[in-house]
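Q: My questions concern the predicted model and sequence given below.
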Amino acid sequence: MSATKTMRALLDQLRHSLPSGGIKHSLAVRYILAQYQLFRTTDQQLCKAKDEALFLGRTYLTYLASIRKYNELHKEYHGRGERSVKETADMVGFKLPTDPK
C-alpha cells in the first residue's frame with residue numbers, strides 16, 4: 001500500500017469513527033496531513049524516516065479499523081439481558097425443532 005492510499009484509508013477510518021462524519025475541522029486530520037507533509041520525499045532520496053512514517057500510518061490504520069470493528073461486534077453481541085431460546089438459536093445459526101401437534 002502506498003503512502004497516498006494509506007493516508008486516504010486513514011481519513012476514511014476517521015470519517016467512520018466521528019459521530020458527525022465531518023472531518024474538515026478535525027485536529028486529528030490536521031495532524032495526519034501535517035505529518036504526511038513533513039515526511040514527504042522524492043524517489044531520488046533515500047530516507048529511513050519515510051518508511052518509518054509509512055509503517056506508523058499503517059499501524060494507526062489497523063488500530064482504527066480494529067476499534068471500529070470491535071465496537072460493531074460489541075454492539076451486536078453485547079448482552080441485553082435474557083434472550084429467548086429462539087433468539088439465541090438464531091444468533092448462532094441453529095434452527096429449533098418444530099413440534100408436530
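A: Noted; the coordinates are in hand. This is a predicted model, so every value here is computed, not measured.
Q: Any stretches of the protein with poor pLDDT?
A: Counting by pLDDT under 70, the chain contains low-confidence ranges at 21, 41-50, 99, 101.
Q: which of the residues in the longest helix seen in it are buried?
A: Longest helix in the chain, counting residues (DSSP state H): helix 48-77. By 16 or more other Cβ atoms under 10 Å, the buried positions in helix 48-77 come out as Ala53, Leu54, Gly57, Arg58, Tyr60, Leu61, Leu64, Ala65. The way it works is simple: take the backbone N, C-alpha and C, and place the C-beta from them, glycine included.
Q: Now the most centrally placed residue in the chain. Nearest residue, chain neighbours left out?
A: In the chain, the residue lying closest to the centroid (Cα atoms, centre = their mean) is Ala65, at 1.6 Å. Nearest residue to Ala65, sequence neighbours excluded (Cβ to Cβ, 6 or more residues apart in numbering): Gln13, at 5.7 Å.
Q: Tell me the helices and strands packed up against the one helix or strand that neighbour maps to.
A: For Gln13, the host element (DSSP states H and E) is helix 3-17. For helix 3-17, the packing partners by 3 or more Cβ pairs under 8 Å, 6 or more residues apart in numbering; DSSP states H and E come out as helix 27-38, helix 48-77.
Q: now the longest helix of the chain against helix 3-17, angle please.
A: 30 degrees (axes from the mean of the first three to the mean of the last three Cα atoms, to 10 degrees).
Q: Now do the same contact list for Ala3.
A: Counting by Cβ atoms under 8 Å, 6 or more residues apart in numbering, Ala3 makes contact with Tyr36, Lys50, Ala53, Leu54, Gly57.
Q: and which of those residues is nearest Gly93?
A: Distance to Gly93 across these (Cβ to Cβ) is lowest for Gly57, with 37.7 Å.
Q: so that closest one touches Leu11, yeah?
A: No - using Cβ atoms under 8 Å, Gly57 is not in contact with Leu11, being 10.8 Å away.
Q: Now do the shared contacts for those two.
A: By Cβ under 8 Å, 6+ apart, Gly57 and Leu11 have these common neighbours: Ile32.
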